[in-house]
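>>> got a sequence here, can you build the structure:
(2 chains)
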Number of protein chains: 2
Amino acid sequence: MAKQIFVTGHKNPDTDSICSSIAFAKLQQLKGVDAVAVRAGDINKETAYALDYFHVEAQPLVKDFYVKVGEAVRKDVEALPYSASLKDAAKWFADHDSDVAPVAENGNFAGVLYKSSLAGEFVKTVLGEELSTVKSLVQDAATIFSTSDNGHDVPAEGRYVVVDDGKYVGMVCADCVAAVEKRKVMLVDHNEKKQIIDGIDEAEIISVVDHHRIGGTLATEGPIFILFQPVGCTATIVTSLYEQANIAIPKEIAGLLLSAVISDTVLFRSPTCTQQDRETAEKLAAIAGVDLQAYGMDMLKAGANVSDLTPDQIAQNDMKEFSDGSVTFTISQVQVMDTTDLLEQKQVLLNALEKMRSAKNYAASFLMITSIIDESTNLIFAGNMDAVVGKAFAKDVLDKEVYLPGVMSRKKQIVPQILAALK
Amino acid sequence: MAKQIFVTGHKNPDTDSICSSIAFAKLQQLKGVDAVAVRAGDINKETAYALDYFHVEAQPLVKDFYVKVGEAVRKDVEALPYSASLKDAAKWFADHDSDVAPVAENGNFAGVLYKSSLAGEFVKTVLGEELSTVKSLVQDAATIFSTSDNGHDVPAEGRYVVVDDGKYVGMVCADCVAAVEKRKVMLVDHNEKKQIIDGIDEAEIISVVDHHRIGGTLATEGPIFILFQPVGCTATIVTSLYEQANIAIPKEIAGLLLSAVISDTVLFRSPTCTQQDRETAEKLAAIAGVDLQAYGMDMLKAGANVSDLTPDQIAQNDMKEFSDGSVTFTISQVQVMDTTDLLEQKQVLLNALEKMRSAKNYAASFLMITSIIDESTNLIFAGNMDAVVGKAFAKDVLDKEVYLPGVMSRKKQIVPQILAALK
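Numbering: from 1, shown residues only, chains lettered A, B, ... in the order given. This next block holds a predicted model:
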């Protein structure tokens, strides 16, 4: 049977990544594909509001796509009990291509029997001496894996026991890991490697739906389905895919897609918003049965409340990594109704940005403090990029800050400008 | 006014690249976009048959996308005639930010007047001596550009004259070149940098429609339209874009799209062929008014005739470059009704492959000799890749050749296998 397909948005997911992955996975399911939405990180307050409103549970968190020992373990390799005879042990080694045999009593892992230990028994047999018991020959295993360990840590040579909570599970080897069918992954709302869940190289990307720039890190061995559109929200594209497939959008899915459009376009205020986003949102609101403006403001307000976030959390809010190949930087964003409180603690936020920047050795770490009401952004940053920022926005940088009226979109009004200024 | 948009397929274009770019440009035009199809190389015999059959002219050849001096030249910079007074010359330098002035008689370029030459005239003025004439001060220009030169060759400092066929055109500078609006390019049927027309870095990719693997070299600063589908032919995707836009496909365009599907799927024999390709071809044949099978065989036969190609031409037929990041190789393909003649001259073809491989320092150069009738491929190659080829196809390589029954598709049955074996 083919493996279940994982549908995921980017690390540090926003409402679009969470809701579009749920909606895209649902579309696959309605087409008969065995797909499941997963998420790459915690749910933010805005997204939580949307999920709660439409009574949808958040999808499971997936920390990485590395092949796990649990996927490669051979559970049919039976362990020797203490009571096994040495003849049983000899038979075990004859049957298995392994120099080490697991020993377990009632499922509890007891240690291993090395094939080399049988050398002395041969001598005893020749001399007619009394043979040892399996129990007396058991030793501690030099290396033990648990099912949650990463498969790529299994050494190339040899067989190893797998033990969970003291219980013997089976044996694993590097070849067993290599034989595991690749996990299939569908990406929505991102394509740059730095934003994909870790371990994607041990999986296979089978489709990408996105509305961001293509970052030059997406490569596959064979052809796959890829759809990028320069619209305000991935959810707008996912909605069009339901329409193309002629599949009715379930009410709660329409609600989630609507929430994503409202979020990414800041209720149509962002310059990334297109006519298609607006029309899509109106259709979705009708299916979801909500008043677009009223629901939209309530959801944005829920997300705009940063009063209970720590400076570290604010500095990393909705953070994404970018790279022009040599220089790597991050851009976080908070969207609030009023920027006064945040700007009053600017120095504290700069310290949090700098702590993060230096810890990961980024060239710079930016924070967009965006006012939904004023439709403007105070961009502050840690790192030696004053000249780049000045060039990017044709503004003088004052105390690690530029004020950018009309700027709300990282994707359209910040990333291209910084990348161009870096050239 | 916005610049005209160029729509192009890959270097060494096949029928899909030529026909899909014409059809996609036409779709843009029907949507009111000022787009024009161009081609990256010569038309092969199969494509020529299709264009001729449907009475469509081949699009113009574009050799590169480099910004040309002709796009940056300032034609309003008037030249000084011989008859100009030194007062006129002084006024010219006062008006222009340049240390060199063009001199021309009746449009014919005569040389340049250096501002420094006027130093002596000042001395003469003070001493009350007779002044020189412009004519007597003219010198040969150290550097002259023509409109067809590449703009990036203009030095960063200074102003330079532009002369075509002895006629003065205007002046150019590096800043003038940098100010040229970027050419906008839509790619169809390819995405890997090595297959794109040279100089794309001086242009802007604004959309990509393709059915190949994504090669990891596609990057943009902002979001653009990208559609990849794992179908047999780009023309199948272009057809679906007409349908999505609800725009009727013109008869001759349907004929070209049909030709592309027949070509890329080898009349539905290739394993890359999907149900969607078949259904698309049937719809297109109805619009184009041709018998699918009869037209298809005639077109394939026209392309399969390699009798008048030289060994060098065969070795480079439909050639594409591939790279896994460190190793670069090429794969060419000829599709014939009968492989006997080609296999009889295998050594000659291997020599041609080796000549090409070593000239460009490729790791290997492959040639797929594919039988349309037998639905199989003899893969021959130059370069030290016997082990890789053996691993890729689980076959023993005999005298730089493997026979691959059932293999017709470079994209699906050759490229992924070689890339995987290189890992």
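>>> what packs against the helix or strand of chain A with the lowest mean pLDDT?
None of the helices or strands of chain A scores lower by mean pLDDT, DSSP states H and E than helix A:118-127, at a mean of 82. Counting contacts by 3 or more Cβ pairs under 8 Å, 6 or more residues apart in numbering or on different chains; DSSP states H and E, helix A:118-127 packs against helix A:86-95. Heads up, the C-betas are built off the backbone N, CA and C, glycines and all.
>>> got the contact list for the next helix or strand after the helix it packs on?
Remark: after helix A:86-95, the chain's next helix or strand is strand A:100-105, criterion DSSP states H and E. With contact meaning Cβ atoms under 8 Å, 6 or more residues apart in numbering or on different chains, strand A:100-105 is reached by A:77, A:79-82, A:84, A:89, A:92-93, A:109-115, A:134-135, A:138, A:141, A:158-161, A:168, A:171.
>>> list only buried entries from the residues you listed.
Neighbour counting with 16 or more other Cβ atoms under 10 Å in any protein chain shown marks A:77, A:79-80, A:84, A:89, A:92-93, A:109-110, A:112-115, A:134-135, A:138, A:141, A:159-161, A:168, A:171 as buried within those.
>>> would you mind listing what in chain A touches chain B?
By Cβ under 8 Å from any Cβ of the partner chain, the residues of chain A that approach chain B are A:210-230, A:244, A:411-412, A:415-416, A:419-420.
>>> what helix or strand is A:Val334 located in?
Per DSSP H and E: strand A:328-336 holds A:Val334.
>>> just to revisit the earlier point, which residues sit against the least confident helix or strand of chain A?
Residues contacting helix A:118-127 (Cβ under 8 Å, 6+ apart): A:Leu86, A:Ala89, A:Ala90, A:Phe93, A:Glu130, A:Leu131, A:Ser132.
>>> let's see that with 10 Å instead.
A:Leu86, A:Ala89, A:Ala90, A:Phe93, A:Glu129, A:Glu130, A:Leu131, A:Ser132, A:Leu137 (Cβ atoms under 10 Å, 6 or more residues apart in numbering or on different chains).
>>> CA atoms only for it - export them in PDB, please.
Provided in PDB are the C-alpha atoms of helix A:118-127 (Å, rounded to 0.1, in the frame of the first residue of the first chain):
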ATOM      1  CA  LEU A 118      29.800 -19.300  21.000                       C
ATOM      2  CA  ALA A 119      33.400 -20.000  20.200                       C
ATOM      3  CA  GLY A 120      34.100 -21.000  23.800                       C
ATOM      4  CA  GLU A 121      31.100 -23.300  23.700                       C
ATOM      5  CA  PHE A 122      32.600 -25.200  20.700                       C
ATOM      6  CA  VAL A 123      35.700 -25.800  22.700                       C
ATOM      7  CA  LYS A 124      33.600 -27.000  25.600                       C
ATOM      8  CA  THR A 125      31.700 -29.300  23.300                       C
ATOM      9  CA  VAL A 126      35.000 -30.900  22.000                       C
ATOM     10  CA  LEU A 127      36.200 -31.300  25.500                       C
END
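>>> for the helix or strand following it, packing partners?
Downstream of helix A:118-127, the first helix or strand assigned by DSSP H and E is helix A:134-137. With contacts taken as 3 or more Cβ pairs under 10 Å, 6 or more residues apart in numbering or on different chains; DSSP states H and E, helix A:134-137 sits against helix A:86-95, strand A:100-105, strand A:108-114, helix A:118-127.
>>> so how far is helix A:134-137 from its chain's centroid?
46 Å (Cα atoms, centre = their mean, to the nearest Å).
>>> what does that helix rub up against?
Counting by Cβ under 10 Å, 6+ apart, A:80-86, A:88-89, A:92, A:101, A:103, A:105, A:110-114, A:117-118, A:120-121, A:131 sit against helix A:134-137.
>>> hang on, the earlier thing: restricted to helices, list the residues of chain A next to chain B.
When DSSP state H defines the helices, the subset of the residues of chain A next to chain B inside them is A:Gln244, A:Lys411, A:Lys412, A:Val415, A:Pro416, A:Leu419, A:Ala420.
>>> out of those residues, who's nearest chain B?
Taking Cβ to the nearest Cβ as the measure, chain B sits nearest to A:Pro416 out of those, at 4.2 Å.
>>> now that closest one: how far from A:Ser371?
22 Å (Cβ to Cβ, to the nearest Å).
>>> just want to know which of the two has more residues nearby.
Counted by other Cβ atoms under 10 Å in any protein chain shown, A:Pro416 and A:Ser371 do not tie: A:Ser371 has more neighbours, with 21 against 17.
>>> residue contacts, the more buried one?
Counting by Cβ under 10 Å, 6+ apart, A:Ser371 touches A:266, A:304, A:335-340, A:342-343, A:377-378, A:405, A:408.
>>> tabulate these in CSV, adding columns for neighbour count, pLDDT and secondary structure.
Output for the contacts of A:Ser371, formatted as CSV (neighbours: other Cβ atoms under 10 Å in any protein chain shown; pLDDT from 0 to 100; DSSP: H, G, I helix; E, B strand; the rest coil):
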residue, neighbour count, pLDDT, secondary structure
A:Val266, 22, 91, coil
A:Ala304, 21, 86, helix
A:Gln335, 23, 90, strand
A:Val336, 21, 91, strand
A:Met337, 13, 87, coil
A:Asp338, 12, 88, coil
A:Thr339, 20, 92, coil
A:Thr340, 8, 90, helix
A:Leu342, 22, 92, helix
A:Leu343, 15, 94, helix
A:Thr377, 25, 96, strand
A:Asn378, 19, 96, strand
A:Pro405, 9, 94, strand
A:Met408, 25, 91, coil
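>>> just these now: which is nearest chain B?
A:Met408 (15.3 Å).
>>> would you check that that closest one makes contact with A:Ile373?
No. Counting by Cβ atoms under 10 Å, A:Met408 does not reach A:Ile373; the two are 11.1 Å apart.
>>> shared neighbours of those two, which are they?
A:Arg269.
>>> what strand or helix carries A:Ala359?
Counting by DSSP H and E, A:Ala359 is part of helix A:346-360.
>>> list the helices and strands that helix packs on?
So helix A:346-360, by 3+ Cβ pairs under 10 Å, 6+ apart, packs with helix A:311-315, strand A:328-336, helix A:340-344, strand A:364-371, strand A:376-383.
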